[in-house]
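> sequence unknown, structure follows:
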């Protein structure tokens, strides 16, 4: 998991060592080819162009003009990249339990395209909240597919969580509204609204999502993206953010992502915090995003 950034950092350090004899002041002319290769490697690691330019620019500022000994170049490169990534990932999510404690019922809406594991992610969040002592209601607002309702119903039964559903083809906003009213009447802590997976270019379905927003008035809108889709996930997040103003991100399939570029790109371009990483198919396979842990996994301790 996350091997490419470590290899990029090592490649820069190894190449730079060849330029350093004793103690040397680094300059842009000496490092020009290295910076070009670095930016290319970032793009190959699913880092968006504007993000790779930012990281490379940060590295130039840190390295150029620096007096360095041959043995210290590896630490200098690693620390420079870490500093840039920490700045990109500096926006932290307030823990869900703290947000829920301030307002009940706390309404969370999940959005994203087909095939990202959004419905399973809703179940994982329900499992997480239940472990932390919160009660919740799930709204099956994906009324476009009967299979989606049945899938969510199985999760709700497994977790012993109440699910509000209507029949296939029903008004998805009405389902969300009923779930919020049920939670309010029964004193539940949270409402988790599962929406239909929709392509960001489908105007009609995006309008339906906006209707759910108006009716349910969610406190938190989470975009669920697939880490393996790289820059496609970034473009999708941008479209959803334009439509409904997402508040945070959950990336699924992070356990199979050897690059890590999509997380960095989304965090920078959307300027929203990453809440969770999906790391498997079990209900417990959802980890709160820790920027320091993530960066260490990317480029090494």
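Alright, I've got the coordinates. Given the structure is predicted, the values throughout are model-derived calculations rather than measurements.
> Look at residue 2 and report its pLDDT.
At residue 2, the model reports a pLDDT of 52.
> Where does residue 277 fall, secondary structure wise?
Here residue 277 sits within strand 274-278, counting by DSSP states H and E.
> And that strand, how far out from the chain middle?
Remark: strand 274-278 is offset 5 Å from the chain centroid, using Cα atoms, centre = their mean, to the nearest Å.
> What is it packed up against?
The contact analysis (3 or more Cβ pairs under 8 Å, 6 or more residues apart in numbering; DSSP states H and E) places strand 274-278 against helix 118-131, strand 248-252, helix 261-270, strand 286-288. From N, CA and C alone the C-beta is placed, and that goes for glycine too.
> Paired strands for the second one, with orientation please.
To tie it back to what came earlier, the one meant is strand 248-252. The pairing partners recorded for strand 248-252 under DSSP bridges are strand 220-226 (parallel), strand 274-278 (parallel).
> Quick one, which of those gets closest to residue 234.
strand 220-226 (8.2 Å; Cβ to Cβ).
> Helices of the chain, residue ranges please.
4-17, 28-44, 49-63, 73-88, 96-102, 118-131, 146-159, 172-186, 203-216, 231-244, 261-270, 291-299 (DSSP state H).
> which stretch in the ones you listed is the model least sure about?
helix 4-17 has the lowest average pLDDT among the helices of the chain, namely a mean of 67.
> burial count for residue 296?
Using other Cβ atoms under 10 Å, residue 296 has 14 other residues around it.
> ditto for residue 32
Residue 32, neighbours per other Cβ under 10 Å, totals 11.
> Roughly how far does it sit from residue 69?
Note on residue 32: its distance to residue 69, by Cβ to Cβ, to the nearest Å, is 22 Å.
> same check, this time on residue 178
For residue 178, the distance to residue 69 (Cβ to Cβ) stands at 67 Å.
> which one of those two has more residues nearby?
Between residue 178 and residue 69, residue 178 has the larger neighbour count (other Cβ under 10 Å), namely 18 against 12.
> Identify the residues contacting the more buried one.
By Cβ atoms under 8 Å, 6 or more residues apart in numbering, the residues touching residue 178 are 139, 164, 166.
> go with 7 Å
Each residue near residue 178 by Cβ atoms under 7 Å, 6 or more residues apart in numbering is listed here: residue 164.
> Next: residue 252.
By Cβ under 7 Å, 6+ apart, the contact list for residue 252 reads 116, 117, 121, 224, 226, 227, 278.
> cutoff 10 Å now
112, 115-118, 120-121, 124, 224-229, 233, 276-281, 285-286 (Cβ atoms under 10 Å, 6 or more residues apart in numbering).
> Then residue 241?
The contact partners of residue 241, taken as Cβ under 10 Å, 6+ apart, are 111, 200, 221, 223, 247, 249, 266, 269, 270, 271, 272.
> For the strand holding residue 277, the averaged confidence score.
The average pLDDT within strand 274-278 is 94.
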